[in-house]
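J.: build the 3D model from these lines:
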Amino acid sequence: MNISQVIKKALITEKTMALAKKGKYTFAVDKRADKTRVKRTIEALFPVEVKKVRLVNVKGKKKRVGRARRKIIKQSDWKKAILELKTGQKIDIFEEIKSR
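T.: This next block holds a predicted model:
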């Protein structure tokens with residue numbers, strides 16, 4: 001698995017933006033990624049040092065679809081990484097979105 005496959009996207013919600021102010025950044029990652037691989041990838045992509053990595057397996061939701069809403073489908077499971085950076089460091093992607 002190479003660098004481009006580990007990190008899928010940055011998660012931008014009200015809750016993650018509040019965490020970003022505290023130095024914790026949230027990303028959706030590949031389901032096969034482990035903590036050391038996520039840490040090495042973030043340090044390679046951004047000029048930061050990762051202090052701590054937490055991984056969360058998120059279960060996919062069940063949705064009712066169709067004209068009569070009788071058919072039930074399940075969305076895919078995915079993995080979330082919450083990264084804590086060393087003090088004084090930040091990732092610019094989250095800063096740009098805050099300013100909008």
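J.: contacts only, for the residue nearest the centre of the chain.
T.: The centroid of the chain falls nearest to residue 27 when counting by C-alpha atoms, centre = their mean (1.4 Å). Going by C-beta atoms under 8 Å, 6 or more residues apart in numbering, residue 27 touches 7, 8, 9, 10, 11, 38, 42, 80, 81, 83. Bear in mind the C-beta positions are built from the backbone N, C-alpha and C, glycine included.
J.: show me the shaky parts of the chain.
T.: Along the chain, the parts satisfying pLDDT under 70 run over 95-100.
J.: if you set the cut-off to 90 instead, what comes out?
T.: The chain contains residues with pLDDT under 90 at 1-4, 87, 90-100.
J.: now the residue nearest to the centre of the chain, nearest residue through space, not along the chain?
T.: Of all residues not flanking residue 27 in the chain, residue 81 sits nearest, at 5.0 Å (C-beta to C-beta, 6 or more residues apart in numbering).
J.: beta partners of that neighbour?
T.: Counting by DSSP bridges, residue 81 is bridged to residue 27, residue 55.
J.: next one: it from residue 67, what distance?
T.: 38 Å (C-beta to C-beta, to the nearest Å).
J.: still on that earlier bit, tell me the contacts of the residue nearest to residue 27?
T.: Residue 81 touches 26, 27, 28, 29, 33, 38, 53, 54, 55, 56, counting by C-beta under 8 Å, 6+ apart.
J.: if we go to 7 Å?
T.: 27, 29, 38, 53, 55 (C-beta atoms under 7 Å, 6 or more residues apart in numbering).
J.: try residue 31
T.: When contacts are counted by C-beta under 7 Å, 6+ apart, residue 31 touches 78, 79.
J.: I'd say residue 9 and residue 26 touch.
T.: No - Residue 9 is not in contact with residue 26 according to C-beta atoms under 7 Å; the separation is 10.1 Å.
J.: can you tell me which helices and strands the longest helix seen in the chain packs against?
T.: Identified as the longest helix of the chain according to DSSP state H is helix 35-45. Helices and strands touching helix 35-45, by 3 or more C-beta pairs under 7 Å, 6 or more residues apart in numbering; DSSP states H and E, are helix 3-6, strand 50-58.
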